[in-house]
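S.K.: no sequence for this one, just the structure:
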């Protein structure tokens, strides 16, 4: 009976694990560019037009919302007087819509007197192609901070959308994140000025063979990369997402090459492709673009400083956003205008990533959360797994372990049953050959 109960406990665990695998998100096979993959754990929240009605966002959580043309929506966070806080908003317009050069979003954190703690804006740029864009705002404490926004209490998060009258009027989906930075070690970084110079020349391409890696559709399912050359393909209107672990003191370089077209067309398309870089809190850092006329074309992000805590004291967002270690996100978007001259088929894309310098120590005390590069992160960058792919792999290991455990119990049970059966058979046979106590009873007559 004990063996039966053990088997009963193992089987539901295996079934549950297999169901978990089936429930993991995957990319749907559909015509046109795949949809942006929102974090499946995101909670729905509605922005408010007045701060008095704003919903509270919890630290460490992801939220889904939406915003209309020229919308101004309030959310709210609860902050203490010792922790740095970051709120980001990813705006996701319809891929078949239209946007103008200055269209974009602004995110700000404000105290209840409407004084800004910080504000950042991101727009679609000269490519004028609809794509996911992100911006973040922060409330920082201590050295280099303003005298406002230092108290414990409630703070407003204002997300503003700007759209030209000629742009598509549909609502944009929003993905909101609220994260907090860990506390510094005692004595922490003492430098309060940003670096003035850093290696500014792009290094030679890595001496490695190009490898195939298919990009994801969002920050959630971004494909992990390490130093190397990575071959993919991208269709007009599509955005590919990748992520790269960059530790303290390390410097990231990135470039991309759009292959020649086989269509035979030679039409010139300005800003046909955009390459963007965002930090672990999904704050936008920098972007670059290339023009296309059917021949191979390339573009590179300008050299940026190594990741350092003191970068936050620089006035330039491109420097101050490189303020912590973790996963840095690269996204590549091919303008839908390319389809008008070169067709809708994907075009080969090669992205080169280089991470230089030895990693330095973390300045944080205790668990650094997302602001770190772990051994597991390095393994993911080596394998190319995204976060959900890694979760799926872990679940499959549970399934395999459960199946192995169930199989072991079954084999042991069958072995014990077989041994017992053999002993019983031997005992039964032995009763006819060598009965106990001197032999069988004497036959009695009637």
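M.R.: Thanks, I have the structure now. These figures come from a predicted structure and were not determined experimentally.

S.K.: Give me the phi and psi angles of the closest residue to residue 236 other than its chain neighbours.
M.R.: Of all residues not flanking residue 236 in the chain, residue 339 sits nearest, at 3.8 Å (C-beta to C-beta, 6 or more residues apart in numbering). All C-beta atoms are positioned from the backbone trio N, CA, C, and that covers glycine. When read as degrees, to the nearest 10, the backbone of residue 339 gives phi -60, psi -30.

S.K.: How many residues are close by residue 339?
M.R.: Residues near residue 339, counting by other C-beta atoms under 10 Å, number 14.

S.K.: which residues in the stretch 251-400 of the chain form strands?
M.R.: 251-258, 269-278, 284-292, 297-300, 326-334, 347-356 (DSSP state E, counting those that start in this stretch).

S.K.: Out of those strands, which is closest to residue 184?
M.R.: strand 326-334 (16.1 Å; C-beta to C-beta).

S.K.: Pull up the pairing partners for that closest one, direction included.
M.R.: As defined by DSSP bridges, the strand partners of strand 326-334 come to strand 239-246 (antiparallel), strand 269-278 (antiparallel).

S.K.: Go through the longest one and flag the buried ones.
M.R.: Using 16 or more other C-beta atoms under 10 Å as the burial criterion, the residues of strand 269-278 that qualify are 269, 271, 272, 273, 274, 275, 276, 277, 278.

S.K.: Check the offset of that strand from the chain's centre.
M.R.: Relative to the chain's own centre, strand 269-278 is displaced by 20 Å; criterion: C-alpha atoms, centre = their mean, to the nearest Å.

S.K.: By mean pLDDT, point me to the weakest helix or strand of this structure.
M.R.: Ranked by mean pLDDT, DSSP states H and E, the weakest helix or strand in the chain is helix 2-23, scoring a mean of 42.

S.K.: Helix or strand next in line after that helix, which one?
M.R.: Per DSSP states H and E, the first helix or strand lying C-terminal to helix 2-23 is strand 43-44.

S.K.: dump the residue contacts of residue 99.
M.R.: Neighbouring residues of residue 99 by C-beta atoms under 8 Å, 6 or more residues apart in numbering: 93, 124, 128, 129, 130, 163, 167, 168.

S.K.: From the residues you listed, list the buried ones, please.
M.R.: 93, 124, 128, 129, 130, 163, 167, 168.

S.K.: If we only consider those residues, which is nearest to residue 307?
M.R.: residue 124 (26.9 Å).

S.K.: Quick check: the closest one touching residue 104?
M.R.: Yes: between residue 124 and residue 104 there is a contact under C-beta atoms under 8 Å: 6.2 Å.

S.K.: list the residues that contact both of those two?
M.R.: Counting by C-beta under 8 Å, 6+ apart, the residues touching both residue 124 and residue 104 are residue 133.

S.K.: Got the phi and psi for residue 132?
M.R.: phi -70, psi 130.

S.K.: In space, what's closest to it - neighbours in sequence excluded?
M.R.: In space, residue 132 is closest to residue 92, 4.9 Å off (C-beta to C-beta, 6+ apart).

S.K.: now swap in residue 228 and tell me
M.R.: residue 208 (4.9 Å).

S.K.: In contact with the one you found: list those residues for me.
M.R.: By C-beta under 8 Å, 6+ apart, the residues touching residue 208 are 227, 228, 229.

S.K.: ok, the last one touching residue 210?
M.R.: Yes: under the criterion of C-beta under 8 Å, residue 229 makes contact with residue 210 at 4.1 Å.

S.K.: Those two: which has the busier surroundings?
M.R.: Comparing residue 229 with residue 210 by neighbour count (other C-beta under 10 Å), the higher total belongs to residue 229, at 20 against 14.
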